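Peer 1: Dropping the sequence and predicted coords here.
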Amino acid sequence: MPAQSALLYPSHDARELTTVPLEERPRHLVILDGTWFHTKKIYDAHTWLHDLPHVRLTPDEPSRYRIRPQPNARYVATLEAIVYALRIIEPQTHGLDGLLRSFSAMVERQATYFPMHPSPQSCS
């Protein structure tokens, strides 16, 4: 594993990425992709992941991925997590808003084929 790597995973001991000082922020992120059930199984099965420093995010908005409900209001889809993390550790990265727009368009397209869970905004 390269030096200055961290796992982006919401474990109880994970540091909030925005509070990590600039000089300590990871240069490489390991990100598990899958449903929350599957990523927990991956995490539990690969104990070397436990040895990495853990960082987490606290998004300002709920996930755009409304096809499946999130187990926690602060959990987001993998693509969203990657974009939010890049905004913090590589703020000069261009095109991140475009990724989120494309993701939203994909969700809307999927929504025409699957019954939707209500978005958090529509529940208030």
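Peer 2: Thanks, I have it.

Peer 1: hey, where'd the strands end up in the protein?
Peer 2: Per DSSP state E, the chain carries strands over the ranges 5-8, 15-16, 28-31, 54-56.

Peer 1: how close does the spatially closest residue to Ile82 that is not a sequence neighbour sit to Val83?
Peer 2: Of all residues not flanking Ile82 in the chain, Ile31 sits nearest, at 6.3 Å (CB to CB, 6 or more residues apart in numbering). Just so you know, the C-beta spots here come from the backbone N, C-alpha and C atoms, and that holds for glycine as well. Per CB to CB, to the nearest Å, Ile31 is found 11 Å from Val83.

Peer 1: If we go by neighbour counts, what in the lowest-mean-pLDDT helix or strand in the chain is buried?
Peer 2: Sorting the helices and strands of the chain by mean pLDDT, DSSP states H and E puts helix 96-111 at the bottom, at a mean of 82. For helix 96-111, burial by neighbour count (16 or more other CB atoms under 10 Å) applies to Phe103, Val107.

Peer 1: coming back round to it: want to try JSON lines for the strands of the chain, with distance to Arg74, mean neighbour count and mean pLDDT as columns?
Peer 2: Shown next, in JSON lines, are the strands of the chain (distance: least, CB to CB, whole Å; neighbours: other CB atoms under 10 Å; pLDDT from 0 to 100):
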{"stretch": "strand 5-8", "distance to Arg74": "13", "mean neighbour count": "20", "mean pLDDT": "96"}
{"stretch": "strand 15-16", "distance to Arg74": "11", "mean neighbour count": "12", "mean pLDDT": "96"}
{"stretch": "strand 28-31", "distance to Arg74": "16", "mean neighbour count": "16", "mean pLDDT": "96"}
{"stretch": "strand 54-56", "distance to Arg74": "9", "mean neighbour count": "21", "mean pLDDT": "96"}
